[in-house]
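Q: Predicted model follows, preceded by the sequence.
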Amino acid sequence: MGLFTVKQPRGFRHNYIYYDPRKEKLQKIEEKAKRDLGLIPEKDFDPEDIRGKFVGATKHLKRRKESGRKPLASGIIIMIIVVLLILLRYLYTGVLF
């Protein structure tokens with residue numbers, strides 16, 4: 001009955017070659033101890049730090065930000081669509097309104 005059996009693919013398991021979890025754990029403990037002693041300032045979460053990172057990472061957003069040009073507002077886009085629909089109706093039927 002090998003016709004209807006579906007073999008499951010082997011799971012992917014990535015083992016790091018140059019990774020030492022013990023060393024990373026020791027570094028975190030050292031950093032925490034230094035923060036507790038006051039040798040290193042406390043880490044504070046600041047949303048302002050994150051906000052500019054994504055815009056700076058993409059070329060098109062960075063260019064738009066440097067140019068200072070704002071994207072079209074949704075109201076302007078809706079008005080353009082309405083005008084185009086009226087123009088299409090006029091060309092199709094010959095009646096403006």
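A: Perfect, thanks for sending it.

Q: what comes up buried for the longest helix along the chain?
A: The longest helix of the chain (DSSP state H) is helix 74-93. Judged by neighbour count (16 or more other CB atoms under 10 Å), helix 74-93 contains no buried residues. Bear in mind the C-beta positions are built from the backbone N, C-alpha and C, glycine included.

Q: what does that helix rub up against?
A: Here helix 74-93 makes contact (CB atoms under 8 Å, 6 or more residues apart in numbering) with 95, 96.

Q: Could you say which helix or strand holds residue 24?
A: helix 21-37 (DSSP states H and E).

Q: CA atoms only: put stretch 83-90 into CSV for me.
A: Taking Å, rounded to 0.1, in the frame of the first residue of the first chain, the C-alpha atoms of stretch 83-90 are listed here in CSV:
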residue,chain,number,x,y,z
VAL,A,83,-14.2,63.9,-12.3
LEU,A,84,-13.0,61.0,-14.4
LEU,A,85,-16.2,59.1,-13.9
ILE,A,86,-18.2,62.2,-15.0
LEU,A,87,-16.0,62.6,-18.0
LEU,A,88,-16.4,58.9,-18.9
ARG,A,89,-20.2,59.2,-18.6
TYR,A,90,-20.2,62.4,-20.8
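
Q: ok now that stretch, how far from the chain's centre?
A: Here stretch 83-90 is found 38 Å from its chain centre; the criterion is CA atoms, centre = their mean, to the nearest Å.

Q: Also stretch 88-97?
A: 44 Å.

Q: now this structure, which segments are flagged as low pLDDT?
A: Scanning the chain for pLDDT under 70 picks out 1-2, 45-49, 51-52, 54-56, 69, 71, 97.

Q: repeat that with 80
A: For the chain, applying pLDDT under 80 flags the ranges 1-4, 42-73, 96-97.
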